[in-house]
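Participant: sequence and computational prediction follow.
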Amino acid sequence: MQNARRMIVDMSSLLWQSLLAGKDEEYGITVEFEGKQFHVNSYHHGYECAMNHLTSVMEQLNIVPTQMIFVVEGKHSKTRRKAMYERYKEGSGRPEECYTNFNILKDMLIKVFRSVGATFVSQDGVESDDVIAYLVRRLKGEKIIVSRDGDLCALLSNDVIQVRNGQLTIDNPYGNFPPKYITTYKAVVGDSSDKLSGAPGFGETAFSKLLDWAGIEGLEMLDTLIKKRE
């Protein structure tokens with residue numbers, strides 16, 4: 001059944017991807033930010049990029065708006081993770097003009113897609129990827145995640161695929177191991193996008209050697225040990 005398919009859109013990821021794509025020569029402006037010149041694309045530019053991306057994915061996968069769920073970041077979404085790790089996403093700010101265009105673009109997309117039957121969900125105090133994981137685990141049928149967030153690749157399965165950086169992703173992009181262990185991989189290797197340092201002296205090469213030596217069984221044991229410390 002077509003209605004058993006859902007396309008789950010990470011709204012924040014889509015908005016930033018669209019606003020930061022290319023250079024808006026017509027409406028963009030240049031501002032000073034932290035002592036440097038920063039080009040800010042307009043919401044006009046972001047809207048065109050977002051619509052082009054979404055309509056392309058919808059056509060490719062035969063998705064209609066009533067099958068779409070947009071996950072919108074709620075208030076204080078990073079509070080819980082910052083309580084666990086103070087440096088989480090530290091230094092990832094942008095000029096105020098970026099956030100102004102972000103909010104205008106968000107309101108535009110909500111208005112357009114809500115008018116044609118799309119669903120919007122939000123939860124304060126929880127980041128979008130956690131909400132997306134909740135939906136993926138509870139919705140029946142095929143799920144298509146639209147997000148650049150590599151962490152969400154941990155949800156890949158027989159009925160979950162991801163559209164990431166314009167490409168359909170069905171395999172683990174971090175290595176030859178089950179996607180469910182991506183969080184374990186990032187816990188020890190680190191994640192520069194989230195400002196997570198990982199285990200001291202432990203990088204991608206060390207992880208690959210560990211996997212060759214210990215296999216999936218060893219990775220399962222490592223995953224269990226990490227979770228016991230949470």
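Facilitator: On my side now, so go ahead. Everything numeric in this text was worked out from a predicted model, so none of it was measured.
Participant: so where do the helices sit in this protein?
Facilitator: 11-19, 43-61, 79-84, 96-114, 128-138, 182-189, 204-229 (DSSP state H).
Participant: okay, those, which one's buried deepest?
Facilitator: When those are scored by mean count of other CB atoms under 10 Å, the highest mean neighbour count falls to helix 11-19 (a mean of 21). For glycine as for every other residue, the C-beta is placed from the backbone atoms N, C-alpha and C.
Participant: tell me the angle it makes with helix 43-61.
Facilitator: Put simply, helix 11-19 runs at 110 degrees to helix 43-61, going by axes from the mean of the first three to the mean of the last three CA atoms, to 10 degrees.
Participant: would you turn the helices of the chain into TSV with mean pLDDT?
Facilitator: TSV is the format used below for the helices of the chain (pLDDT from 0 to 100):
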stretch	mean pLDDT
helix 11-19	96
helix 43-61	96
helix 79-84	54
helix 96-114	96
helix 128-138	93
helix 182-189	83
helix 204-229	80
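Participant: okay, the ones you listed in JSON lines with distance to Val163 next?
Facilitator: Below are these laid out as JSON lines (distance: least, CB to CB, whole Å):
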{"stretch": "helix 11-19", "distance to Val163": "10"}
{"stretch": "helix 43-61", "distance to Val163": "5"}
{"stretch": "helix 79-84", "distance to Val163": "25"}
{"stretch": "helix 96-114", "distance to Val163": "16"}
{"stretch": "helix 128-138", "distance to Val163": "13"}
{"stretch": "helix 182-189", "distance to Val163": "17"}
{"stretch": "helix 204-229", "distance to Val163": "25"}
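Participant: and Leu155, which of the ones you listed is closest to it?
Facilitator: helix 128-138 (5.0 Å; CB to CB).
Participant: of all the helices of the chain, which lies closest to Val72?
Facilitator: helix 11-19 (4.7 Å).
Participant: other SSEs contacting that closest one?
Facilitator: helix 43-61, strand 68-73, helix 96-114, helix 128-138 (3 or more CB pairs under 8 Å, 6 or more residues apart in numbering; DSSP states H and E).
Participant: please convert the ones you listed to a markdown table, extending it with distance to Ser208.
Facilitator: Converted to a markdown table, the helices and strands packed on helix 11-19 look like this (distance: least, CB to CB, whole Å):
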| stretch | distance to Ser208 |
| --- | --- |
| helix 43-61 | 32 |
| strand 68-73 | 33 |
| helix 96-114 | 37 |
| helix 128-138 | 25 |
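Participant: quick one on the thing from earlier: which among the helices of the chain is found nearest to Gly150?
Facilitator: Closest of those to Gly150 is helix 182-189, at 7.4 Å (criterion: CB to CB).
Participant: tell me what the closest one is packed against?
Facilitator: helix 204-229.
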